[in-house]
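# Next come a sequence and a model predicted from it.
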Amino acid sequence: EVQLAESGGGLVPAGGSLRLSCVASGFTFDDYAMGWFRQAPGKEREGVSCISGRDGSKHYADSVKGRFTISVDNAKNTVYLQMNSLKSEDTAVYYCAAKRSREWDYWGQGTQVTVSS
């Protein structure tokens, strides 16, 4: 059974930091690209960051460049999202996802991040 389990969300003041984790199981982690998405109340889900399983290349949304960092630990089947200098507009439910080709195949349940201003 495929599972993506996010953790690390919470309430943090503006300017603070959080590190999200997503532990994957049930598929060959190294073969998949991993991504982080978020959805704020009343807004569509948006891509935050992703990392290629083949070459480790990383991509970020413009809104988080220079503040967020994605990384993976293949030995632990885990993808991380280090979030620094958090802003109130970063408040959202954050999801991790995995894809082998063009479409995102698997999704986690999400973890809430709330940034107080």
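That came through, no problem.
# and the strand or helix carrying residue 19, how far out from the chain's middle?
Element membership for residue 19 (DSSP states H and E) is strand 18-25. With CA atoms, centre = their mean, to the nearest Å as the basis, strand 18-25 stands 7 Å off its chain's centre.
# again, but for stretch 110-117
With CA atoms, centre = their mean, you get 13 Å for stretch 110-117.
# any residues touching that stretch, and which ones?
By CB atoms under 8 Å, 6 or more residues apart in numbering, the residues outside stretch 110-117 that reach it are 6-14, 16, 18, 20, 38-39, 83, 86-95. For glycine as for every other residue, the C-beta is placed from the backbone atoms N, C-alpha and C.
# Of these, grab the buried ones for ChimeraX.
Listed next is the ChimeraX selection for buried residues among the contacts of stretch 110-117, using 16 or more other CB atoms under 10 Å:
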select :6,8,9,12,18,20,38,83,86,90,91,92,93,94,95
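# How about residues contacting stretch 83-91?
Taking CB under 8 Å, 6+ apart as the rule, stretch 83-91 contacts 12, 14-20, 38, 40, 63-64, 67-69, 113-117.
# Tell me which entries of these lie within strands.
Residues from the contacts of stretch 83-91 lying in strands, with DSSP state E as the criterion: 12, 18-20, 38, 68-69, 113-116.
# Can you lay out these as JSON lines showing distance to residue 104 and pLDDT?
Converted to JSON lines, the ones in strands among the contacts of stretch 83-91 look like this (distance: CB to CB, whole Å; pLDDT from 0 to 100):
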{"residue": "12", "distance to residue 104": "27", "pLDDT": "98"}
{"residue": "18", "distance to residue 104": "23", "pLDDT": "98"}
{"residue": "19", "distance to residue 104": "22", "pLDDT": "98"}
{"residue": "20", "distance to residue 104": "17", "pLDDT": "98"}
{"residue": "38", "distance to residue 104": "14", "pLDDT": "98"}
{"residue": "68", "distance to residue 104": "18", "pLDDT": "98"}
{"residue": "69", "distance to residue 104": "21", "pLDDT": "98"}
{"residue": "113", "distance to residue 104": "20", "pLDDT": "98"}
{"residue": "114", "distance to residue 104": "25", "pLDDT": "98"}
{"residue": "115", "distance to residue 104": "25", "pLDDT": "98"}
{"residue": "116", "distance to residue 104": "30", "pLDDT": "97"}
